[in-house]
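Visitor: Output the structure for:
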Amino acid sequence: MKVDFNRLDRAFNPRCVAVIGDSRKTNFEWLRSELDFKGKLYSVQVNPETIEDIKALGVENHTSLLDIPEPVDLAIVAVSRNAALKVLEDCIRKDVAAAHFFTAGFSETHTEEGRRLEQVLAARAEEANFHLIGPNCMGIFNPRLGIKQSPDQYCGTPGPVGFISQSGSIALTFSLDAHLLGLDISKSVSSGNGIALEATDFLEYFSQGPEVKVIGMYLEGVKDGRRFFSVLRRTAARKPVVIWKGGRTEDGGRAIASHTGALAVTGMVWDAAVNQCGAVQVTTMEELIDTLKALVYFPPVRGGRTAVIGGSGGQSVAITDALVDVGLRVPRLTQESYSELETFFNVVGGSYRNPIDTAGPVRRDMRRVWGIVAQDPNIDNLIGITGTKPGRQIIPQQVQGSLDLMRQVKESTSKPLMVFVFLYTADAAREVRDIILKFQEIGIPAFPTIERGARALKNTLEYYRHHP
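Guide: A predicted model of the protein is given here:
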């Protein structure tokens with residue numbers, strides 16, 4: 001089909017939304033998801049008892065989509081699969097910009113009837129050039145406008161990330177997990193079976209708008225590999241694209257077939273093609289979020305030589321190993337830097353060889369240490385360590401001191417700067433997350449483990465190696 005990006009733009013930024021077929025069975029999940037929508041929300045339902053419940057939600061109901069008294073930008077369809085074609089016909093007659101079909105039970109069921117119904121639906125959408133999202137998907141998420149895939153999602157705080165997922169659960173999980181780590185979405189879509197619009201179409205759409213700065217994708221397969229890689233190459237040249245490919249194993253490929261019905265792609269062929277296009281590949285949700293976060297906050301990463309400042313001796317060894325394991329380096333500083341550090345650095349309880357162990361009295365001279373290391377020509381990237389020793393509570397003044405110091409370092413250098421946050425308290429997970437968010441408020445990405453930060457830095461370097 002010929003994609004009309006003006007129609008897609010209306011669907012992702014709607015003024016009017018219609019939810020078709022929501023019911024008590026799902027506790028009106030779709031209507032409740034859209035109650036924060038900033039535009040006009042309508043319901044389409046014919047059951048008299050259900051209509052009364054819908055009115056109690058404060059939503060205007062019509063018994064036909066055609067009776068809605070204004071143009072509809074996005075229809076959310078939650079009817080049974082046997083009613084899907086009739087609803088599609090109404091959407092075409094109403095000239096709805098796009099419709100998200102949550103309705104499932106098609107080719108992913110591997111039944112003759114499921115395949116037949118999907119073919120009929122796909123053929124009609126193709127004939128009318130109708131912009132159908134799905135079926136078997138969670139549709140669009142736009143937090144700025146309050147368009148949500150679940151009542152659990154946030155709204156009102158748009159971010160720089162565009163996210164495309166063939167899995168509805170992964171689209172939802174990504175939005176919630178990334179938000180907790182200070183990474184918010186501009187626009188997201190779950191495409192499901194993709195019988196009309198598919199991942200390639202959304203990738204091309206996200207490549208054009210200025211609101212989306214980086215793009216994340218969860219893919220299980222693509223229908224037209226040649227077109228996908230052509231669009232990916234063009235998009236990755238404009239903005240970073242990070243891809244998590246599902247079904248990399250034989251068993252995973254079999255699971256794909258029963259999920260969205262997508263065709264798996266041979267691993268080696270896929271890896272080579274994605275790398276040639278200049279996109280970044282990851283293998284877990286954590287790595288996807290961390291890499292996108294690094295790409296959002298870092299300036300271009302031009303080298304792998306890294307300085308580590310602030311850890312204890314044992315931490316320094318572990319951090320060095322983790323960085324080297326992913327292909328980065330922790331090199332010596334220049335002799336000029338060592339000569340300057342020697343004038344004041346007390347090596348009792350510390351070391352300045354890189355990693356720089358500041359456990360001793362030198363802590364009062366940290367600004368001076370950072371200033372020397374940040375200017376060293378042997379160093380491309382900077383890592384700071386903040387946290388507590390086992391058994392000790394975090395002190396607010398200590399956190400604020402670290403924030404003030406890192407802000408000054410960031411303002412004094414153009415080199416990428418990141419922070420590892422280590423706590424050993426009873427409520428460490430929540431406290432670490434709170435501190436991470438404070439660092440990211442001043443533009444410095446922070447990570448809760450060595451391995452996550454190291455991999456994010458390496459992946460960011462790989463992107464910029466393809467796009468100097």
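
Visitor: Which segments of the protein make up each domain?
Guide: If you go by automatic domain parsing, the domain ranges for the chain are 1-134, 137-297, 299-466.

Visitor: Point out the most buried one among those.
Guide: Mean neighbour count (mean count of other CB atoms under 10 Å) peaks for domain 137-297 among those, with a mean of 20. Just so you know, the C-beta spots here come from the backbone N, C-alpha and C atoms, and that holds for glycine as well.

Visitor: thinking again about what came up before, can I get the domains of the chain in JSON lines with mean pLDDT?
Guide: Listed next are these as JSON lines, based on pLDDT from 0 to 100:
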{"stretch": "domain 1-134", "mean pLDDT": "97"}
{"stretch": "domain 137-297", "mean pLDDT": "91"}
{"stretch": "domain 299-466", "mean pLDDT": "89"}
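
Visitor: who's in contact with stretch 142-152?
Guide: Outside stretch 142-152, the residues within contact range by CB atoms under 8 Å, 6 or more residues apart in numbering are 12-14, 17, 29, 32-39, 74, 138-141, 153-159, 168, 171-172, 175-176, 184-188, 190.

Visitor: Please repeat the previous calculation with a cut-off of 6 Å.
Guide: Applying CB atoms under 6 Å, 6 or more residues apart in numbering, the contact partners of stretch 142-152 are 12, 32-33, 36-38, 138, 140-141, 154-155, 157-158, 172, 187.

Visitor: Next, the distance between the ends of that stretch.
Guide: 13 Å (CA to CA, to the nearest Å).

Visitor: ok, which stretches of the stretch 151-300 of the chain are helices?
Guide: Taking DSSP state H, counting those that start in this stretch to define them, one finds helices in the stretch 151-300 of the chain at 168-180, 199-208, 225-238, 250-257, 267-277, 285-297.

Visitor: Report all helices and strands that the longest one contacts.
Guide: I take that to be helix 225-238. Contact here means 3 or more CB pairs under 6 Å, 6 or more residues apart in numbering; DSSP states H and E; on that basis helix 225-238 packs against helix 199-208, helix 267-277.

Visitor: Could you tell me the angle between the shortest one and helix 225-238?
Guide: Regarding helix 199-208 and helix 225-238, their directions subtend 20 degrees when assessed with axes from the mean of the first three to the mean of the last three CA atoms, to 10 degrees.

Visitor: next one: the longest one
Guide: Taking the same axes, to 10 degrees, helix 267-277 and helix 225-238 form an angle of 40 degrees between their directions.

Visitor: which residues are contacting helix 267-277?
Guide: Contacts for helix 267-277 (CB under 6 Å, 6+ apart): Phe229, Leu232, Arg233, Ala236, Arg248, Gln281.

Visitor: Farthest-apart pair in the residues you listed, please.
Guide: Arg233 and Arg248 (21.4 Å; CB to CB).

Visitor: Excluding sequence neighbours, find me the nearest residue to Ile185.
Guide: Val161 (5.0 Å; CB to CB, 6 or more residues apart in numbering).

Visitor: quick one: contacts for the one you found?
Guide: Here Val161 is in contact with Ile185, Val214, Leu292 (criterion: CB under 6 Å, 6+ apart).

Visitor: The residue lying closest to Gly327 once chain neighbours are set aside: which element?
Guide: Take Gly327 and drop its neighbours on the chain: the residue closest to it by CB to CB, 6+ apart is Lys458, 5.7 Å away. Lys458 belongs to helix 450-466 when elements are defined using DSSP states H and E.

Visitor: Tell me what angle that helix forms with helix 225-238.
Guide: Angle between the axes of helix 450-466 and helix 225-238 is 100 degrees (criterion: the same axes, to 10 degrees).

Visitor: quick one: contacts of helix 450-466?
Guide: 240, 278, 280, 287, 290-291, 294-295, 298, 300-301, 304, 318-319, 322-323, 326-328, 418, 420, 447.

Visitor: Can you list which of the residues you listed are found in strands?
Guide: Using DSSP state E, the subset of those located in strands is Val280, Met418, Phe420, Phe447.

Visitor: and the first one, what does it touch?
Guide: By CB under 6 Å, 6+ apart, the contact list for Val280 reads Val242, Asn459, Glu462, Tyr463.

Visitor: Show me which pair in those is furthest apart.
Guide: Val242 and Glu462 (10.4 Å).

Visitor: And the residue lying farthest from the centre of the chain, its phi and psi?
Guide: The centre of the chain is farthest from one residue, Thr343, which by CA atoms, centre = their mean lies 46.1 Å away. Reported as degrees, to the nearest 10, the phi and psi values for Thr343 are phi -70, psi -20.

Visitor: ditto for Tyr338
Guide: According to degrees, to the nearest 10, Tyr338 has phi -60, psi -40.

Visitor: And it, how far from Thr413?
Guide: 19 Å (CB to CB, to the nearest Å).

Visitor: Throw the helices and strands packed on helix 225-238 into TSV and include distance to Ala374, thanks.
Guide: Shown next, in TSV, are the helices and strands packed on helix 225-238 (distance: least, CB to CB, whole Å):
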stretch	distance to Ala374
helix 199-208	35
helix 267-277	32
